[in-house]
Structure formats: structure tokens, C-alpha cells
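Novice: All I have is the shape, not the residue letters:
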């Protein structure tokens, strides 16, 4: 509404300028008649010509000034029209250039969204969409699983806060769903490839509250030493178990194979204040052309079709 009022005021200003230009021309026409009468009665044509030249010069300057004013008003109108297409979130969510653009794997091709939000601000981007200005192709941004389990779809709205980051990946999810990262999602990297790679910040197995594996302190310590050597976000396979010394008790082997994994990590740490991550991996599930490789403009629209951000290459 405010933008419409400003446009109306600009148009009124344009009409006023046109009127100011017309007035000197009108007066000039009237004065020319007077000049002709004066020249005829007195017989001094040169004086009339000088007066006409002066008036014409003034009119030309007025027209020139008016043209410049009109040009500025037109630019102002165009800027107002362009601004009216901007989303309320314009400048709050920004896009990066495309990564992995020239490869052949759509799951390695992605755009990053960065937030520029206040401490308490949140923005729901579910229903927003990316659109190629040249090809006209577009892809809608869907929700994400806030507690992801491979190939278990339980999407929620994607709501961003201060410091959050979104990877909009053209291809398909290695775990079958879009998701928000958490303290334990680094386990997904063990037998899958993500682009970009997931952060391997899972809690160390040695830092968990360990049970007592044996009444024999030496044997118990041996199991503890084995656990201390296990890196973050890594599970134990059957071959590792087979290669353990014979004195390692079954309680230790069972712990290694059943308690060091994603599911157990989630069960233990779900209530931690730092459990949720600040990254979203949103997959567009596209294989074919979405934007052009040589030159294009990609526009991020909100759910109402207004422009949030653009990138051109």
C-alpha cells in the first residue's frame, strides 16, 4: 500500500513537470503575437527577433530541465516497480553461486542459502522455489526431516533461524530424504557420499558412560582401550570383532556392535541442547536440466512469487 501511494505521488509530480514545461511555451506564443504587433507599428524588426530568441532560449532550457526531471521520475518509478517485486525477506536470505556445476552428478550440484536474520527472527522457506530466468524451469523447496532415519520420510517445515545454512542439492539424497543435520548425522558418512561432506562431530565413543564389561579389571581395561581407539562417527563391523583377542568378553563385543551407531547416539543425545545442527540438506530430486550452464539468472522466490534473491552467471 505504501509503495502504491509513492507511485501515485511520483505520477502527480510528472504531470506537474509537464505543466511547467507547457506554460512557458504558451506564454511564448502569446508574446510572439505581441512582438509582431510591436514590430509592425514601430518598424524595428531586429528588436523583435532579439526578444523572440531570448524567449526561445528560456523555453529550450525549461524543456531540457524538464526532460532531466522526467527522466529521474521515470527511473524512480522503475525502481519503485522493481522494489514492489521484492519479498519481505529480500536481503534476509542470500544465495551463493552454484557448486559442482560442471560435473555430471546432480547430487554434487548445489546452491547454498545463508541467513541474515536477527537473534529471534525465523523464516519458513517451505514452498519457496528456484526458477531459471532463461529456461523457465523451476524447483519447489520442500520440508525436511528434523530427526532423520534413512529412507523414513517424516518431513516438517523448513524453518531457518540466525546462523542456519541450507544446501539446495539438485539431485537425490543418499538416505532418501531431505534432513536437518544433528549431533549424530556424521554416522551417515560412513558408507555414503554426501556433497558437501557432513560434519564428523559425533560424540566420541570413549566419552560415553561405559558399562562394566568384566569383573576382572584388566579385561575391563582392555575393552575400554579398544573403545578409545574407535574414531568419531564410526561403527564396528564383524571383521573387526573377529580380529579381537580371545580374552575380550562377549559383553564388550556386544557393546561394540550394538551401542556405537547412529540410533544409539540419537537415543542418548536427543535431549542435549546442542543436538540440532544448523544445516539443512534439501534435495530437489532433479536429474535433467534445471538451469543453463553457459549463462543464466537464477531467482529465489518466496511462496507468494516475490523475489528473495538472484544470482547471475
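Specialist: Good, I have the coordinates. Since the model is a prediction, treat every value here as computed from it, not as a measurement. Numbers count the residues shown, from 1 in each chain.
Novice: Now for residue 113, how many residues are close by?
Specialist: Residues within reach of residue 113, counting by other CB atoms under 10 Å, total 24. (Glycine included, C-beta is placed from N, CA and C.)
Novice: same question, residue 156
Specialist: Taking other CB under 10 Å as the neighbour definition, residue 156 ends up with a count of 12.
Novice: Correct me if wrong: it contacts residue 142.
Specialist: No - assessed by CB atoms under 8 Å, residue 156 is found out of contact with residue 142, at 10.4 Å.
Novice: residue contacts, the closest residue to residue 125 other than its chain neighbours?
Specialist: With CB to CB, 6 or more residues apart in numbering as the criterion, residue 125 has its nearest non-adjacent residue at 5.1 Å, and that residue is residue 158. Applying CB atoms under 8 Å, 6 or more residues apart in numbering, one finds that residue 158 lies in contact with 124, 125, 126, 141, 142, 143, 144, 166, 180, 280, 282.
Novice: for residue 115, same thing?
Specialist: With CB under 8 Å, 6+ apart as the criterion, the residues that contact residue 115 are 92, 93, 123, 160, 161, 162, 163, 164, 165.
Novice: so what are the domain limits for this protein?
Specialist: By the assignment in automatic domain parsing, the chain contains the domains 2-84, 93-183+275-312.
Novice: same question for the shortest one, mean pLDDT?
Specialist: pLDDT averaged over domain 2-84 equals 57, rounded to a whole number.
Novice: What's the PyMOL line that selects buried ones from the contacts of residue 158?
Specialist: Selecting in PyMOL just the buried members of the contacts of residue 158, where the criterion is 16 or more other CB atoms under 10 Å, is done with this command:
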select buried, resi 125+126+141+142+143+144+166+180+280+282
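Novice: What residues sit buried inside stretch 121-132?
Specialist: Neighbour-count burial for stretch 121-132 flags 123, 125, 126, 128, 129, 130, 131, 132 (criterion: 16+ other CB under 10 Å).
Novice: swap that for stretch 168-181, sorry
Specialist: Judged by neighbour count (16+ other CB under 10 Å), stretch 168-181 contains these buried residues: 168, 169, 170, 171, 173, 174, 175, 177, 178, 179, 180, 181.
Novice: can you tell me the average pLDDT over that stretch?
Specialist: Averaged across stretch 168-181, the pLDDT comes to 97.
Novice: Endpoints of it, how far apart?
Specialist: The separation between the terminal residues of stretch 168-181, taken as CA to CA, to the nearest Å, is 14 Å.
Novice: For that stretch, what is the distance to the chain centroid?
Specialist: When C-alpha coordinates are averaged (CA atoms, centre = their mean, to the nearest Å), stretch 168-181 and its chain have centres 17 Å apart.
Novice: now do stretch 118-127
Specialist: 12 Å.
Novice: Does residue 264 belong to a helix, a strand or coil?
Specialist: Under DSSP: H, G, I helix; E, B strand; the rest coil, residue 264 falls in the helix class.
Novice: Next: residue 290.
Specialist: When the structure is split into helix, strand and coil by three-state DSSP, residue 290 lands in coil.
Novice: now it: how far from residue 109?
Specialist: Between residue 290 and residue 109 the computed distance is 9 Å (CB to CB, to the nearest Å).
Novice: so what sits against both of these two?
Specialist: With CB under 8 Å, 6+ apart applied, the overlap between the contact sets of residue 290 and residue 109 consists of residue 170.
Novice: Centroid-nearest residue for the chain?
Specialist: Within the chain, the residue whose C-alpha comes closest to the C-alpha centroid is residue 113; the distance, by CA atoms, centre = their mean, is 3.4 Å.
Novice: so which helix or strand takes in the residue lying closest to that one once chain neighbours are set aside?
Specialist: Here the nearest residue to residue 113 in space, its sequence neighbours aside, is residue 166; by CB to CB, 6+ apart that works out to 4.0 Å. In this structure, residue 166 sits in strand 165-169 according to DSSP states H and E.
Novice: Not counting that strand itself, show me its contacts.
Specialist: Counting by CB under 8 Å, 6+ apart, the neighbours of strand 165-169 from elsewhere in the structure are 106-107, 109-115, 125, 130, 141, 158, 160, 195-196, 278-284.
Novice: Tell me the bridge partners for the residue nearest to residue 113.
Specialist: Taking DSSP bridges, one obtains residue 113, residue 280 as the residues bridged to residue 166.
Novice: ok, it to residue 159 distance?
Specialist: With distances defined as CB to CB, the gap from residue 166 to residue 159 amounts to 11 Å.
Novice: what do these two both touch?
Specialist: Counting by CB under 8 Å, 6+ apart, the shared contacts of residue 166 and residue 159 are residue 125.
Novice: ok so, going back, which one of the buried residues of stretch 121-132 is nearest residue 241?
Specialist: Taking CB to CB as the measure, residue 126 is the one of those closest to residue 241, at 43.6 Å.
Novice: Can you tell me the SS state at that closest one?
Specialist: Secondary structure of residue 126, per three-state DSSP, is coil.
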